[in-house]
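S.K.: My questions are about this predicted structure, shown below with the sequence.
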Amino acid sequence: MKRDAFVALENHFAGQRMAPSEAFREQVQVRLNSEVGDLDFAPVVSGARRFLPAAALLVLGVLSPKAGPDDVRRISEFVGEQRASSVSTELETPWEDSTTD
Amino acid sequence: MNDATRALVTPIILSQDRDLVGEFLNRYRDSSFRIAMRILGNQDAAEDVAQEAIIRAFRSWDTLSGVENQAAWVRKVVVRCALNAVERTPNHTELSDVGNEPDESVLVQAVLESLAPEHRAVLGLAVGEGLSYREIADALEIPIGTVGSRLNSAKAAFKRAWEGSR
């Protein structure tokens, strides 16, 4: 006799394989390493390094008395500009096909 | 973290010699596979979808660095990729194709594959993965109030198909 539908469904999910294969693990790592090589982080990194002292203070939560809201805004805008000038890697809907695939 | 701080933290992290790929994979590789498996029910298909989703999510590192709940965002990418795969791939198994005395799990999978993709997904996320209504709403991009009704419809559809199968 066939089991209750939901007992069968729960058993099915409980018995599913939960870990990917080793081949998949290795393959996706290779693909991601290749992706990193294609991304151009240089302008972003350069912008961050230039303002690292102020940024470090912010990260540590120890704002310099001299770093007022205008400073934070200015730094943020600068980094934003650097990011905007770098090669765009952002996909608003990354699950949709893009022409670069 | 406010926008100004986030805008600064992201490039600082990128400027350090951290193993971005390793960290990203440790966080999302297995969970992405698991979510894909819940929806697709087939290891090869789940691995293909998980890989596609991981690559797409990683390419969008800039968006990812700005979202509050990164795990939920990656999950949404996986779910969308899985649903795309379901929609472009015919059913692996027709109910009429399973043997006279099929293994129960094979029959359940065939029944799941006979359902509408959105029913398949909500069952996988709710029953298989045990996600909350909030998490399911985020993953499927539907209002939280719709999750309950969609889940009930999916359960009813599954029950009908199960009882109508061999």
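M.R.: Received, thanks. Numbers count the residues shown, from 1 in each chain, chains lettered A, B, ... in the order given.
S.K.: low-confidence ranges in the chain?
M.R.: By default, I'm working from chain A. For chain A, the stretches with pLDDT under 70 are A:1, A:37-101.
S.K.: ah, no, chain B please
M.R.: B:1-18, B:61-62, B:65, B:90-101, B:166.
S.K.: Domain map for it?
M.R.: B:1-89, B:93-166 (automatic domain parsing).
S.K.: mind giving me TSV with those domains and columns for distance to residue A:17?
M.R.: For every residue, glycine as well, the C-beta is placed using N, CA and C. Output for the domains of chain B, formatted as TSV (distance: least, C-beta to C-beta, whole Å):
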stretch	distance to residue A:17
domain B:1-89	6
domain B:93-166	11
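S.K.: Make JSON lines out of the ones you listed and add mean neighbour count and distance to residue A:34.
M.R.: JSON lines is the format used below for the domains of chain B (neighbours: other C-beta atoms under 10 Å in any protein chain shown; distance: least, C-beta to C-beta, whole Å):
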{"stretch": "domain B:1-89", "mean neighbour count": "19", "distance to residue A:34": "9"}
{"stretch": "domain B:93-166", "mean neighbour count": "17", "distance to residue A:34": "28"}
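S.K.: which one of those domains lies closest to residue A:12?
M.R.: Among the domains of chain B, the nearest to residue A:12 by C-beta to C-beta is domain B:93-166 (3.9 Å).
S.K.: Are the closest one and chain A in contact anywhere?
M.R.: Yes. Counting by C-beta under 8 Å from any C-beta of the partner chain, chain A has neighbours in domain B:93-166: B:104-105, B:107-109, B:112, B:123-124, B:127-128, B:155, B:158-159, B:162-163.
S.K.: Which of those fall within helices?
M.R.: Judged by DSSP state H, helices contain the following of the residues of domain B:93-166 next to chain A: B:104, B:105, B:107, B:108, B:109, B:112, B:123, B:155, B:158, B:159, B:162, B:163.
S.K.: Now do stretch A:17-26: everything it contacts.
M.R.: With contacts defined as C-beta atoms under 8 Å, 6 or more residues apart in numbering or on different chains, stretch A:17-26 is touched by B:25, B:29, B:30, B:33, B:34, B:37, B:43, B:46, B:47, B:50, B:51.
S.K.: let's go with 6 Å and repeat that
M.R.: Applying C-beta atoms under 6 Å, 6 or more residues apart in numbering or on different chains, the contact partners of stretch A:17-26 are B:33, B:34, B:43, B:47.
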